[in-house]
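>>> Got a predicted model here, sequence first, then my questions.
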Amino acid sequence: MIAYLKGVLVQKNPAFVLIETSGGVAYRVFISLNTYSKLPTVEGAVRLFTYFQVKEDAHTLYGFADEDERELFEHLISVSGIGSSTAQMMLSALQPNEIRQAIVQENESLIKSIKGIGVKTAKLLILQLKDKLAKTTVALDLPVVGHNNLRDEALNALLALGIAKPMAQKALNKVLTANPNIGSIEALIKQALQVL
């Protein structure tokens, strides 16, 4: 297992980053919006904790700003019906501490507000993870990062999460119409996910 990657951030977008290690190898690492908001600008030094997923048709590397987020990701994908894409969607829609609190406090409505999570999956998450997550306390502060091309980057992130382009565009248009002065890509994507 690859515990973490340390290198230079070559490319950064809300769905994935490219990290070049000292050996000259660049790794494509899929990330959540929470991790995205904690990363430095391109060409900065970075260290991401990783989860390496091996399937028959793909080997995929997921990156996290801290070990706590990685641990939560591993808990989420251990639940039947929650794959890595859904876990990333959850970590992009809510902060890790919000997900933990929702599960521990049995807040089904908040869990169901995440795209791809229905009543049955929300109940299953609570049933299987409540006791495990109750033992852990989390306090994360997520800085807000602004960007010029918010809509384009948000659209790319939604597409990378598996959302159909027409649906993603419609959701982004609705959010931007309601809140034209939205200041961060994270807020834009989270609101679009709630609209979806």
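Right, received. Where do you want to start? Worth saying up front: this structure is predicted, and the values here are computed from it rather than measured. Residues are numbered from 1 along each chain as shown.
>>> Once you drop chain neighbours, what's closest to the residue positioned nearest the centre of the chain?
Relative to the mean C-alpha position of the chain, the nearest C-alpha, by CA atoms, centre = their mean, is the one of Ser32, at 2.3 Å. Nearest non-adjacent residue to Ser32, counting by CB to CB, 6 or more residues apart in numbering: Leu91, 3.6 Å away. The C-beta positions use only the backbone N, C-alpha and C, and glycine is treated the same way.
>>> residues contacting Ala164?
By CB atoms under 8 Å, 6 or more residues apart in numbering, Ala164 lies in contact with nothing.
>>> and with 10 Å instead?
Ala164 is in contact with 158, 170, 196, counting by CB atoms under 10 Å, 6 or more residues apart in numbering.
>>> any chance you could read off phi and psi for it?
Dihedral pair for Ala164: phi -60, psi 140, per degrees, to the nearest 10.
>>> Is Phe81 in contact with Leu124, as I believe?
Careful, residue 81 is Gly; it's not Phe. Yes - applying CB atoms under 10 Å, one finds Gly81 in contact with Leu124, separated by 6.5 Å.
>>> what touches both of these two?
117-118.
>>> neighbour-wise, which of the two wins?
With neighbours defined as other CB atoms under 10 Å, Gly81 and Leu124 compare such that Leu124 has more, 16 against 12.
>>> phi, psi of the more buried one?
phi -70, psi -40.
>>> can you count the residues close to the residue nearest to Ser32?
23.
>>> Just the CA trace of the helix or strand hosting it, in CSV.
Secondary structure from DSSP states H and E places Leu91 in helix 84-93. Extracted in CSV, the C-alpha atoms of helix 84-93 (Å, rounded to 0.1, in the frame of the first residue of the first chain):
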residue,chain,number,x,y,z
SER,A,84,-15.2,5.0,-4.1
SER,A,85,-17.1,7.4,-6.3
THR,A,86,-20.0,7.7,-3.8
ALA,A,87,-17.6,8.1,-0.9
GLN,A,88,-15.8,10.9,-2.8
MET,A,89,-19.2,12.5,-3.6
MET,A,90,-20.0,12.4,0.2
LEU,A,91,-16.6,14.0,1.1
SER,A,92,-17.2,16.6,-1.5
ALA,A,93,-20.7,17.5,-0.5
